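**Student:** Next come a sequence and a model predicted from it.
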Amino acid sequence: MADTSQIVTRIAPSPTGMMHIGTARTALFNWLFARGRGGKFLLRIEDTDRARSTPEATQAILDGMRWLGLDWDGEAVSQFERVPRHAEVAHRMLAEGTAYKCFATQDEIEAFREAARAENRSTLYLSPWRDVAEGDHPDLPYVVRLKAPRAGETVIEDAVQGTVTFRNDQLDDMVLLRSDGTPTYMLAVVVDDHDMGVTHAIRGDDHLNNAARQAQIYRAMGWAEPVWAHIPLIHGPDGKKLSKRHGATGVMEYAEMGIPPAAMRNYLARLGWSHGDDELFTDAQALEWFDLKGIGKSPARLDMKKLESVAGWHIARMEDADLMEEIARFLALTGQPALSQLQHDLVSAAMYCLKDRAKSLPDLLEKAQFALASRPIEPDEKAAAQLDAVSRGILSELTEHLQNASWSRDTLEATLTLAAEAHGLKFGKLAGPLRAALAGRSATPSVFDMMLVIGRDETIARLTDAASRDG
Ligand code: GLU
């Protein structure tokens with residue numbers, strides 16, 4: 001087998017104020033690819049746009065990564081802090097003759113384009129300084145341009161897109177260093193990826209055109225190019241490019257919806273990548289299965305129904321203690337009070353009857369309402385309607401039978417059935433009032449589960465409260 005331990009991938013987000021789910025998915029793919037092969041996964045913050053790159057915007061990326069559980073190796077790299085190194089490389093290229101100083105002014109470039117338009121030629125700028133000897137240079141501000149090949153093609157072998165060919169006569173001598181000495185994005189990305197030892201550049205296919213330009217810089221420097229893998233972007237359910245009107249685009253919005261991160265990883269992994277027909281899988285499986293071959297060529301569509309079913313599967317199979325931790329994280333994230341010790345203990349004890357059908361953490365908490373609520377239970381409108389005079393009478397009788405019943409599912413079932421039958425009712429008719437009394441809701445776990453979890457004293461107290469309501 002090939003040695004894959006040297007694999008290095010990275011995610012290189014620009015701080016925009018939030019972590020987009022497209023970025024989260026790209027990060028996940030890079031993480032799975034590297035971690036599944038014993039390689040390294042790095043984080044680089046592309047913070048050269050000083051106006052946008054506030055500490056808060058950078059923090060939003062770190063928060064998104066941490067919430068999603070994508071740990072990176074070493075410190076996050078700041079692209080801005082590496083500006084001197086980018087400039088150094090540009091100057092080395094000048095010295096080596098793979099780049100040149102261009103003294104053209106904006107006006108000259110515009111005049112060139114105008115003339116080209118008038119003569120119906122390509123408006124791609126051809127600098128007259130490309131072959132001017134150093135001795136003939138004026139003492140004026142200049143930019144550094146790549147001396148790009150003028151003829152032939154630049155070919156990208158992309159692990160997802162296949163062979164992608166760019167005609168060199170359609171690529172200009174790109175600027176590497178601006179006249180103020182700051183590097184352009186193209187140069188910065190290549191120098192950083194090279195210095196960080198990145199072996200695989202897995203990123204959105206909106207960067208495919210950049211790959212051709214970046215490849216030219218690699219080739220000019222004689223550096224090994226990474227394996228390129230440009231993945232199709234995520235689309236909305238209507239097949240159009242994902243936007244706010246499709247719903248949540250920030251990964252933390254999903255956190256606030258109460259999607260557990262493990263479920264988000266599963267869902268995002270399937271958004272554009274597949275392993276046979278597998279839809280539901282664990283991290284261990286994803287790490288074992290993930291490869292570039294499984295990445296599709298067409299854009300994946302966001303599907304909230306599917307996300308809910310993936311979340312349901314993960315919630316159902318999570319360890320109770322882990323779920324309790326997720327709940328604590330969710331409550332903190334959404335600014336809700338933490339559970340009291342009693343609530344924590346009751347929800348933990350109830351978990352067996354909660355987690356099988358919950359689609360999200362708030363859904364789970366809604367089902368756990370009986371374990372979270374404290375007396376007197378205030379029934380919602382639908383539940384209150386169950387507590388008519390007849391039902392209240394039966395609940396009151398029941399409290400007496402329950403004083404001495406042994407607290408097991410079988411006995412409770414027999415006791416409740418007998419109480420219903422004494423009034424010529426089926427047990428089902430009693431379930432509504434019991435749910436209202438015990439939880440104040442009409443959708444709850446089974447009444448037996450609720451009674452077993454809260455215990456005899458609390459059950460009797462809640463039934464007594466309900467029986468004595470005015471109504
Ligand atoms: N900073 C770029 C972005 O946020 C990513 C650049 C790259 O992956 O090469 O889209």
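**Tutor:** Alright, I've got the coordinates. Residues are numbered from 1 along each chain as shown.
**Student:** Doesn't Ile156 belong to a strand?
**Tutor:** Yes: assessed by DSSP: H, G, I helix; E, B strand; the rest coil, Ile156 belongs to a strand.
**Student:** how about it, what does it touch?
**Tutor:** Applying CB atoms under 8 Å, 6 or more residues apart in numbering to Ile156 gives the contacts 163-166, 208, 211-212, 215, 228. To be clear about C-beta, it is placed using only N, CA and C from the backbone, and glycine gets the same treatment.
**Student:** Relative to Asp136, how far out is it?
**Tutor:** Ile156 sits 36 Å away from Asp136 when distances are taken as CB to CB, to the nearest Å.
**Student:** try Thr282
**Tutor:** From Thr282 to Asp136 the distance is 66 Å (CB to CB).
**Student:** between the two, who's got more neighbours?
**Tutor:** For Thr282 against Asp136, the residue with the higher neighbour count under other CB atoms under 10 Å is Thr282, and the figures read 13 against 7.
**Student:** Roughly how far does that one sit from the ligand?
**Tutor:** Look at Thr282 and the ligand: by CB to the nearest ligand atom, to the nearest Å, they are 27 Å apart.
**Student:** Can you pull the phi/psi pair for that residue?
**Tutor:** The phi/psi pair for Thr282 (degrees, to the nearest 10) reads phi -90, psi 170.
**Student:** Please apply the same query to Leu146.
**Tutor:** Per degrees, to the nearest 10, the backbone of Leu146 is at phi -70, psi 140.
**Student:** Please list all residues in contact with the residue in the stretch 301-450 of the chain that the ligand sits nearest to.
**Tutor:** Nearest residue of the stretch 301-450 of the chain to the ligand (CB to the nearest ligand atom) works out as Leu302 at 18.5 Å. By CB under 8 Å, 6+ apart, Leu302 lies in contact with 21, 234-237, 242, 246-247, 271.
**Student:** my guess is Asp49 meets Ser14, correct?
**Tutor:** Yes: with contact defined as CB atoms under 8 Å, Asp49 and Ser14 form a contacting pair (6.7 Å).
**Student:** just the helices in the stretch 251-400 of the chain please.
**Tutor:** With helices called from DSSP state H, counting those that start in this stretch, the stretch 251-400 of the chain shows them at 251-257, 261-270, 283-289, 304-317, 320-333, 341-350, 361-367, 369-372, 381-384, 389-404.
**Student:** In CSV: these, plus mean pLDDT and mean neighbour count.
**Tutor:** Listed next are the helices of the stretch 251-400 of the chain as CSV, based on pLDDT from 0 to 100; neighbours: other CB atoms under 10 Å:
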stretch, mean pLDDT, mean neighbour count
helix 251-257, 97, 21
helix 261-270, 98, 24
helix 283-289, 98, 16
helix 304-317, 97, 18
helix 320-333, 98, 16
helix 341-350, 97, 17
helix 361-367, 96, 20
helix 369-372, 96, 22
helix 381-384, 95, 15
helix 389-404, 94, 16
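**Student:** For this protein, which residues are neighbours of the ligand?
**Tutor:** Taking CB under 6 Å from any ligand atom as the contact definition, the chain meets the ligand at 12-14, 46, 189, 203, 207.
**Student:** what's the closest of these to Glu413?
**Tutor:** Pro13 (55.9 Å; CB to CB).
**Student:** can you count the residues close to that closest one?
**Tutor:** Pro13 has 24 neighbours, counted by other CB under 10 Å.
**Student:** Helix or strand: which one has the residue lying closest to Arg10 once chain neighbours are set aside?
**Tutor:** Once flanking residues are discounted, Arg10 sits nearest to Leu42: 4.2 Å by CB to CB, 6 or more residues apart in numbering. Per DSSP states H and E: Leu42 is located in strand 40-45.
**Student:** and that strand, what does it pack onto?
**Tutor:** strand 8-11, helix 21-35, helix 55-68, strand 77-78 (3 or more CB pairs under 8 Å, 6 or more residues apart in numbering; DSSP states H and E).
**Student:** Tell me who's in contact with the residue in the stretch 201-350 of the chain that the ligand sits nearest to.
**Tutor:** Per CB to the nearest ligand atom, Arg203 is where the stretch 201-350 of the chain lies closest to the ligand, at 3.7 Å. By CB under 8 Å, 6+ apart, the residues touching Arg203 are 12, 26, 229-231.
**Student:** distance from the centroid: which residue in the protein tops it?
**Tutor:** What lies farthest from the middle of the chain is Ala422; by CA atoms, centre = their mean that is 56.0 Å.
**Student:** next one: phi and psi at it?
**Tutor:** The phi/psi pair for Ala422 (degrees, to the nearest 10) is phi -60, psi -20.
**Student:** Please, which helix or strand holds the nearest residue to Arg456 once chain neighbours are set aside?
**Tutor:** Using CB to CB, 6+ apart and skipping the chain neighbours, the partner closest in space to Arg456 is Trp407 (5.4 Å). Using DSSP H and E, Trp407 sits in no helix or strand.
**Student:** for Glu110, same thing?
**Tutor:** helix 106-118.
**Student:** can I assume the residue of the stretch 201-350 of the chain closest to the ligand sits in a helix?
**Tutor:** No: judged by three-state DSSP, Arg203 forms no part of a helix; its state is strand.
**Student:** quick one: contacts for the residue nearest to Phe330 when sequence neighbours are not counted?
**Tutor:** Spatial nearest neighbour of Phe330, excluding adjacent residues (CB to CB, 6+ apart): Leu361 at 4.5 Å. By CB under 8 Å, 6+ apart, the residues touching Leu361 are 258-260, 315, 326-327, 330.
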